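Q: sequence plus predicted model, see below.
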Amino acid sequence: MQKAQIVLGLALVVILIVMGFWLELKQKNGKQVFCSQEAKLCPDGSYIGRTGPDCSFALCRGEEVPD
């Protein structure tokens, strides 16, 4: 009885992991995005990198979204 519960629990964990990977790939439409490792110097002296599916630079602190 206890052995069956352990096997059932492990099967459930494997199913959940597989479903998680499948959903992640479905959200990305099967496309992986690799951005360059460039950095942008912000006015306050900090640096930011590229992010998102279009690899645009993130906003510096205090910057507003351009129209």
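A: Received the coordinates, thanks.
Q: so which residues of this protein form helices?
A: For the chain, the helices defined by DSSP state H cover 2-27.
Q: what does the domain assignment say about the chain?
A: Dividing the chain into domains by automatic domain parsing, as the record does, gives the ranges 1-31, 32-62.
Q: and the longest strand seen in the chain, how far out from the chain middle?
A: Across the chain, the strand with the greatest residue count (assigned by DSSP state E) is strand 47-51. Relative to the centre of its chain, strand 47-51 is centred 15 Å away, using CA atoms, centre = their mean, to the nearest Å.
Q: pull up the pairing partners for it, direction included.
A: Strand pairing for strand 47-51, using DSSP bridges, gives strand 39-41 (antiparallel), strand 56-57 (antiparallel).
Q: what's the weakest-modelled helix or strand in this protein?
A: Lowest by mean pLDDT, DSSP states H and E among the helices and strands of the chain is helix 2-27, with a mean of 83.
Q: list the helices and strands that helix packs on?
A: Using 3 or more CB pairs under 8 Å, 6 or more residues apart in numbering; DSSP states H and E as the contact test, no helix or strand touches helix 2-27. All C-beta atoms are positioned from the backbone trio N, CA, C, and that covers glycine.
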